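Peer 1: Build me a structure from this.
(chains A and B)
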Amino acid sequence: MGLLHRHRQLTPYLLLAPGLLWLGVFFVVPLGFLAYQSLQSGNFDIGYSFSWAWGNYWNAVRDYRPQFVRSLEYAGIATVLALVVSYPVAYWIAFRGGRWKNLLLLFIVAPFFVTYLIRTLAWETILSDNGFVVHTLQHLHVLGPGGRLLATSTAVVTGITYNFLPFMALPLYVSLEQIDHRLLEAAQDLYASKWKAFVRVTLPLSLPGVVAGTLLTFIPAAGDFINAQLLGSPENHMIGNVIQSKFLELTDYPAAASMSFILMAAILVAVAVYARAVGTEQLTGTAV
Amino acid sequence: MSAVAATTQPRGEILSSILAFVRHHVLTLYSLLFFAYLLLPIAIVVAFSFNHPTGNFNYVWQGFTWDNWRYWDGVPGIRSAVFLSLEIALLASLVATALGTMIALALVRYGFRGRAATNIMIFLPLSTPEIVLGASLLTLFLNLNVVFGFWTILIAHIMFCISFAVVTVKARLVGFDRHLEEAAMDLGANEWVTFRKVTLPLIAPAILAALLLCFAISIDDFVVTYFNAGSETTFPLFVWGAARVGAPPQVNVIGTAIFVIAVSGMLVNVLIQMRRTRAATS
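Peer 2: This is a model prediction of the structure:
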């Protein structure tokens, strides 16, 4: 009996062990190696050695400040755009979707079933100089006669917004769908206008979805380099582009490693500032 | 009839009735526009898989052809890239789902010390930018002098799939009725038999969902793979390389095929659910 009891206590740990071990060895330990690498000095030919080289961090910030700022800027704009664009649709599906809800949700996630790179290449086609978007905008004199969209920040932000849109729309939908419709009826019974009922009841209740969607969109967007590479020019490059080329083309590992940590820190700071603005309860409520 | 009625109406009335219609359905109209925006790039991908480009660049519509589909592997390297992606996705989703299901079972059904820490451990990889995941694994393998290739890709894919598997299975386990297991145990079944005969069939849909999700994420992954592939080429890496010189229409063919297979799978699932809810409500 005692043995069985002990055995039952052991079961959860046995279930956890293989998966957590995998995450430990291939997620946590690598972060340690990344930290170790970021404080090394030397060069690829003579080899790198650990020397508490904090200078890597200062050099990264000094040399690549525009790319860091641009990453946060593009990710921020794309997140706000995604929120504004998808909120009404999430609302529409949650409140008017009826029994078509699941089908409409399938439409929302449909872009995810096209390979990321291929859908970004599709935007390259849509925004290309001979495409109908550029022609229409030139016709409307929004763009000058030689004006283009590709290789501009507009194209990069457009691509980022599109690529991460489902990350925003799905949590919004989930939080809107959970709202008890009787609360809205109550508000209207108490003579709140439709608009007022939305602002005072629906919007606050959907805030967890807004917070979750914002984080899920902002974090991958800030680290992205594919949109800047395929839709932008070197002037639109984000920090992801720099990290990628330092690691894989220039083999300047310590610089690339320190930039990865600065990116993580920058994201954490941005999330913390955001958390202060919306309240930490909302944040931890959705995170765990 | 309605056309005759419309022409006899004064103009202002028609306009105001149109306006009223628009005001009433503004959200619906907006949503339709939104879906058009969402599906436009997909339509482009599908359409250009039938394009007959004259030069290197598959950007401008030149004419319809079936050739790209007939000779989908007519471009050097695309065939092996597709098969490598399928192989990795299959193995990674199987392993990650097994590991993830075990973690989810432990989290939902047992009280133990370290639950909060485990939850954080699952949440962290999901909230780390992919480029950091890829870069840190790269430094690990570099420092240990591991040869990059099939195994490093597989290890990486299992790593980032585990959290997705845990979250998916956990979401469906929460409403799980534990009395059924207790009943089986009361009737003399041991833990393993209970698990096989009661628990597993009940959570099978969740496991299947996790498998499909992991498969989809793995076959689509570019960033982490790019950092850890060495000289191996998965399908997304092939697209990346091809994009530099102009991606051939065969890339669109594979993209369309993946899209159609994934969406039909989801569609069947959605239709079954709709039928069930309809049967339940009527």
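Peer 1: Just the buried residues of stretch B:230-249, please?
Peer 2: Residues B:232-240, B:242-243, B:247-249 are the ones in stretch B:230-249 that count as buried (16 or more other Cβ atoms under 10 Å in any protein chain shown). Yep, even glycine has a C-beta here, placed from its N, CA and C like the rest.
Peer 1: next one: stretch A:264-279
Peer 2: Residues of stretch A:264-279 classed as buried: A:264, A:266-267, A:270-271, A:274-275 (neighbour count, 16+ other Cβ under 10 Å).
Peer 1: Pull that stretch out as CSV, backbone CA atoms only.
Peer 2: C-alpha atoms of stretch A:264-279 as CSV (Å, rounded to 0.1, in the frame of the first residue of the first chain):
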residue,chain,number,x,y,z
MET,A,264,14.9,40.0,-25.8
ALA,A,265,15.5,42.8,-23.3
ALA,A,266,13.9,45.4,-25.5
ILE,A,267,10.8,43.2,-26.0
LEU,A,268,10.6,42.6,-22.2
VAL,A,269,10.9,46.4,-21.6
ALA,A,270,8.2,47.1,-24.2
VAL,A,271,5.9,44.4,-22.7
ALA,A,272,6.6,45.9,-19.2
VAL,A,273,5.7,49.4,-20.3
TYR,A,274,2.6,48.0,-21.9
ALA,A,275,1.8,46.1,-18.7
ARG,A,276,2.0,49.3,-16.7
ALA,A,277,-0.4,50.9,-19.1
VAL,A,278,-3.1,48.2,-19.1
GLY,A,279,-2.5,46.8,-15.6
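Peer 1: Name the residues that touch it?
Peer 2: A:68, A:71-72, A:76, A:207, A:210-211, A:214-215, A:218-219, A:222-223, A:282-283, B:128-129, B:132 (Cβ atoms under 8 Å, 6 or more residues apart in numbering or on different chains).
Peer 1: try 7 Å
Peer 2: Applying Cβ atoms under 7 Å, 6 or more residues apart in numbering or on different chains, the contact partners of stretch A:264-279 are A:68, A:72, A:211, A:215, A:219, A:222, A:283, B:129, B:132.
Peer 1: of the residues you listed, the lowest pLDDT goes to which?
Peer 2: Lowest in pLDDT among the contacts of stretch A:264-279 is A:L283, which has 53.
Peer 1: which one is A:G147 nearest to, not counting chain neighbours?
Peer 2: Leaving aside its sequence neighbours, A:G147 sits nearest to A:Q138 (Cβ to Cβ, 6 or more residues apart in numbering or on different chains; 6.3 Å).
Peer 1: circling back to that earlier point, please pick the buried ones from the contacts of stretch A:264-279.
Peer 2: Buried among the contacts of stretch A:264-279 (16+ other Cβ under 10 Å): A:68, A:72, A:211, A:215, A:219, A:222, A:283, B:129, B:132.
Peer 1: circling back: flag whichever of the buried residues of stretch A:264-279 scores worst on pLDDT.
Peer 2: Lowest pLDDT among the buried residues of stretch A:264-279: A:A275, 79.
Peer 1: any idea how far that one lies from A:Q229?
Peer 2: 31 Å (Cβ to Cβ, to the nearest Å).
Peer 1: Then A:W58?
Peer 2: As judged by Cβ to Cβ, A:W58 and A:Q229 stand 27 Å apart.
Peer 1: Compare those two and say which is more crowded by neighbours.
Peer 2: Neighbour comparison, A:W58 and A:Q229: the larger count goes to A:Q229, with 23 against 11 (by other Cβ atoms under 10 Å in any protein chain shown).
Peer 1: Could you identify the helix or strand that succeeds the host helix or strand of that one?
Peer 2: Element membership of A:Q229 [criterion: DSSP states H and E] is helix A:226-231. Using DSSP H and E, the helix or strand that follows helix A:226-231 towards the C-terminus is helix A:239-248.
Peer 1: So what touches that next one?
Peer 2: Helix A:239-248 is contacted by residues A:64, A:67-68, A:71, A:223-225, A:228-229, A:252-253, A:255-256, A:259-260, A:263, B:131, B:135, B:138, B:227 when judged by Cβ under 7 Å, 6+ apart.
Peer 1: quick one: the closest residue to chain A within chain B from A:F164, how far?
Peer 2: Across chain B, no residue is closer to chain A than B:P129, which sits at 2.8 Å (Cβ to the nearest Cβ). To A:F164, B:P129 is 12 Å away according to Cβ to Cβ.
Peer 1: Report the set of residues contacting both of these two.
Peer 2: Contacts common to B:P129 and A:F164, judged by Cβ under 7 Å, 6+ apart, are A:P220.
Peer 1: ok so, going back, among the contacts of stretch A:264-279, which one sits closest to A:F50?
Peer 2: Nearest to A:F50 among those is B:V132, at 20.2 Å by Cβ to Cβ.
Peer 1: Does B:A209 touch B:V167 like I think?
Peer 2: No: B:A209 lies out of contact with B:V167 (Cβ atoms under 7 Å); the separation is 10.6 Å.
Peer 1: now A:V199, what's its secondary structure?
Peer 2: helix (DSSP: H, G, I helix; E, B strand; the rest coil).
Peer 1: err, A:S49, not the other one
Peer 2: A:S49 ends up strand, using three-state DSSP.
Peer 1: residue contacts, it?
Peer 2: So A:S49 contacts A:40-42 (Cβ under 7 Å, 6+ apart).
Peer 1: Just among the residues you listed, which is most surrounded?
Peer 2: With neighbours taken as other Cβ under 10 Å, the top of the contacts of A:S49 is A:Q40, carrying 19 neighbours.
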